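**Student:** Could you look at this predicted model? Sequence included:
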Amino acid sequence: MANPPEAGASPQVATRKSYGGKDNEDTERTISVLCRIRPLNSKEIREQSDVIVKVDPNGLAVDVGDGQHFDFDAVVGSDGSQEDVYNQAAKSVVEDFLEGFNGTIFAYGQTGSGKTYTMEGVIDDPEKRGLLPRMVCAIFDFMERSGEHMQFMIQVQCLEIYNEKIRDLLSPDKDNLKVREDKAGGIYVEGASSHYITTELEVQQLLELGASSRATAETFMNQASSRSHSIFVISLEQTNTTDGSRKKSKLFMVDLAGSEMVRKTGAEGATLKEAQHINKSLSALSNVIFSLSEGKASHIPYRDSKLTRILQEAIGGNCRTALIINCSPAKINEPETVSTMRFGKSAKRIKNRAHINKEQSPAELKLLLEDMRRKNKELHSIIAAKDFEIDTLKSVGGGGGGGE
């Protein structure tokens with residue numbers, strides 16, 4: 001599991017502001033972007049790096065260096081808690097997921113910026129646990145509050161994209177898996193294992209198994225740098241036993257490998273190859289984000305990488321999406337911080353149109369059929385009346401045609 005960010009000199013702390021909320025069944029909404037500033041780490045403190053990130057008091061903007069200004073949906077400063085991040089970035093997506101919408105939450109930033117801590121945290125620590133365990137807790141709380149007429153079925157998957165190959169972290173022998181697409185289920189990874197779960201403990205055990213299988217390596221920037229993108233997928237099926245209606249939704253939790261400058265990380269050999277694949281896939285993601293944010297591109301390059309192919313629905317599709325950009329406040333990381341914030345600024349302009357994934361019950365379909373029959377009968381009556389009108393006009397016209 002990820003270690004918490006290190007304590008140190010902190011930039012100004014934002015005033016928290018929640019965003020998100022319920023919309024209609026089929027509405028357009030931009031991707032929500034939260035910027036998280038971590039504390040200075042031991043390396044930055046040791047090198048006596050200046051803090052060059054200043055959070056606006058309203059909690060909606062940051063200034064970097066000499067006058068570079070960025071606006072976001074929310075900003076959590078270096079003293080912000082895991083709960084702050086969940087409430088301001090993830091909570092509304094999780095709530096919509098429980099209503100039947102697909103959802104995606106992903107963390108982006110340079111290596112060592114705190115992405116894995118944000119997503120996973122310390123699972124068995126109530127204060128330091130990350131978005132994933134909090135999301136799981138919210139799902140089981142929702143099920144407990146639901147009436148006895150509701151039945152639930154939950155499946156989870158845990159995938160890794162390592163050197164442009166997809167691997168099943170819960171069945172590590174399954175690697176180089178393929179991305180497929182069908183009309184019914186959309187985009188999926190062929191051959192990936194799905195695990196049915198019934199308790200929070202089972203999910204925690206699977207999370208720990210997936211984390212232990214994930215590729216990591218030590219670099220100058222991070223002692224346990226993630227060398228892969230990890231994607232945790234939870235599928236929820238809700239059945240109302242009273243009327244037979246059913247809702248199916250998926251929630252993707254994506255911990256992206258950190259973008260990195262090789263000269264800073266000291267990557268070489270296999271680690272250098274990993275860095276090249278990481279940067280290539282993140283570049284493909286940036287290209288997709290840029291194309292979508294412009295709103296004019298005739299072609300979106302989703303197929304340029306496995307990452308963008310899997311996340312196709314999350315960025316520009318049927319999904320509620322939140323992006324958490326993780327940043328260092330240190331002067332020595334200013335180029336990476338600015339690049340990360342520009343990525344978040346572009347993503348903020350993308351609009352997704354999501355709808356509830358609901359299967360109507362037999363009773364609802366019967367009512368719909370009766371309504372269609374009624375409307376059809378009304379249309380037939382209108383048509384018959386118009387036909388009678390036309391025939392009457394023709395007969396009147398024909399009778400007056402033999403005048404003096």
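**Tutor:** Great, that's in hand.
**Student:** use CA for all of it now, contacts and neighbours both
**Tutor:** Will do.
**Student:** which ones are touching residue 172?
**Tutor:** Contact partners of residue 172, counting by C-alpha atoms under 8 Å, 6 or more residues apart in numbering, are residue 213.
**Student:** Quick one: classify it as helix, strand or coil.
**Tutor:** coil (DSSP: H, G, I helix; E, B strand; the rest coil).
**Student:** roughly how far apart are it and residue 394?
**Tutor:** 80 Å (C-alpha to C-alpha, to the nearest Å).
**Student:** Ok, residue 116 next?
**Tutor:** Counting by C-alpha to C-alpha - residue 116 and residue 394 are separated by 79 Å.
**Student:** same check, this time on residue 160
**Tutor:** When distance is defined by C-alpha to C-alpha, residue 160 is 74 Å away from residue 394.
**Student:** and if you look at residue 36?
**Tutor:** In terms of C-alpha to C-alpha, residue 36 sits 76 Å off from residue 394.
**Student:** ok, those two, which is more surrounded?
**Tutor:** residue 36 (26 against 11; other C-alpha atoms under 10 Å).
**Student:** Looks to me like residue 303 is in a helix.
**Tutor:** Yes: counting by three-state DSSP, one finds residue 303 located in a helix.
**Student:** pLDDT score for residue 89?
**Tutor:** pLDDT, the model's per-residue confidence, is 96 for residue 89.
**Student:** Would you map the strands across the stretch 1-150 of the chain?
**Tutor:** 27-30, 32-37, 53-55, 61-64, 68-71, 74-76, 103-109, 150-162 (DSSP state E, counting those that start in this stretch).
**Student:** Nearest to residue 197, out of those?
**Tutor:** When those are compared by C-alpha to C-alpha, strand 150-162 sits nearest residue 197, at 5.8 Å.
**Student:** Longest helix of the protein, counting residues only.
**Tutor:** Scanning the chain for the helix with the most residues, using DSSP state H, yields helix 362-399.
**Student:** For that one, buried residues please.
**Tutor:** Within helix 362-399, no residue counts as buried by 16 or more other C-alpha atoms under 10 Å.
**Student:** before we move on, what about stretch 129-149?
**Tutor:** Result for stretch 129-149 [16+ other C-alpha under 10 Å]: buried residues 129, 130, 131, 132, 133, 134, 135, 136, 138, 139.
**Student:** isn't the fifth one right next to residue 205, touching?
**Tutor:** Okay, so that is residue 133. No: the pair residue 133 / residue 205 is not scored as a contact, 11.0 Å apart, by C-alpha atoms under 8 Å.
**Student:** Name the residues that touch stretch 237-254?
**Tutor:** Taking C-alpha under 8 Å, 6+ apart as the rule, stretch 237-254 contacts 94, 97-98, 100-107, 119, 132, 149-154, 229-236, 356-364.
**Student:** Quick check: end-to-end length of it?
**Tutor:** Its start and end residues considered, stretch 237-254 measures 21 Å (C-alpha to C-alpha).
**Student:** Then stretch 168-187?
**Tutor:** Stretch 168-187 end-to-end distance (C-alpha to C-alpha) = 16 Å.
**Student:** Tell me the gap between it and the middle of its chain.
**Tutor:** 18 Å (C-alpha atoms, centre = their mean, to the nearest Å).
**Student:** Just the local confidence number for residue 349, please.
**Tutor:** The model's pLDDT for residue 349 equals 88.
**Student:** tell me the contacts of it?
**Tutor:** 30, 31, 293.
**Student:** In this structure the last one contacts residue 345, no?
**Tutor:** No: counting by C-alpha under 8 Å, residue 293 does not reach residue 345; the two are 9.3 Å apart.
**Student:** which non-adjacent residue is nearest residue 94?
**Tutor:** Take residue 94 and drop its neighbours on the chain: the residue closest to it by C-alpha to C-alpha, 6 or more residues apart in numbering is residue 135, 6.7 Å away.
**Student:** per-residue pLDDT, the one you found?
**Tutor:** In this model, residue 135 carries a pLDDT of 96.
**Student:** From residue 323, how far out is it?
**Tutor:** 15 Å.
**Student:** Any stretches of the stretch 201-350 of the chain with poor pLDDT?
**Tutor:** For the stretch 201-350 of the chain, the stretches with pLDDT under 70 are 215-227, 259-275.
**Student:** one more time with 80, if that's ok
**Tutor:** Residue ranges of the stretch 201-350 of the chain with pLDDT under 80: 214-227, 258-279, 294-298, 316.
**Student:** And the strands in it, which stretches?
**Tutor:** So, for the stretch 201-350 of the chain - with DSSP E, counting those that start in this stretch - the strands run 216-217, 225-226, 229-240, 246-255, 320-327.
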